[in-house]
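A.B. asks: just a sequence and a predicted model for now, questions to come.
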Amino acid sequence: MQNHLVLTATVEREEALRYTPAGLPVLEMWLRHHSKQNEAGFERDVACEIQAVLIGDKAPAWAGTLAGRTVNLTGFLCQRSLKNPRLVLHIEYVEFVKG
């Protein structure tokens with residue numbers, strides 16, 4: 001079973017494209033999300049910053065194009081590493097928000 005997170009966010013900053021020791025391209029970025037959500041019948045303002053990573057063939061194509069842009073993202077959450085439990089969004093799909 002696959003559970004995907006769908007998020008609209010602005011790419012606050014984007015790191016330079018890098019490669020893993022195995023040769024996979026990696027693009028790291030930080031996202032800023034703002035929205036209004038309904039919780040227990042009340043409207044709530046939601047804001048957060050999320051670290052995200054795009055790994056694989058799509059990373060070089062998106063490198064240098066995302067900073068400052070608002071995007072719709074689909075992906076999954078995973079801890080940064082075995083020793084670092086901080087959550088990172090692993091991006092599988094990117095789409096620019098028009099307007």
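C.D. replies: Sure, I can see it.
A.B. asks: quick one, phi/psi of residue 64?
C.D. replies: Note on residue 64: backbone dihedrals following degrees, to the nearest 10 are phi 80, psi 0.
A.B. asks: right, I mislabeled it, should have said residue 60
C.D. replies: Backbone dihedrals for residue 60, given as degrees, to the nearest 10, come out at phi -60, psi -30.
A.B. asks: give me the spatial nearest neighbour of it, chain neighbours excluded.
C.D. replies: Distances taken as CB to CB, 6 or more residues apart in numbering place residue 25 nearest to residue 60, at 5.1 Å, with adjacent residues excluded. (C-beta placed from N, C-alpha, C; glycine too.)
A.B. asks: and that neighbour, how close does it get to residue 16?
C.D. replies: Relative to residue 16, residue 25 is positioned 11 Å away (criterion: CB to CB, to the nearest Å).
A.B. asks: more neighbours, these two?
C.D. replies: Higher neighbour count among residue 25 and residue 16: residue 25, with 18 against 8, using other CB atoms under 10 Å.
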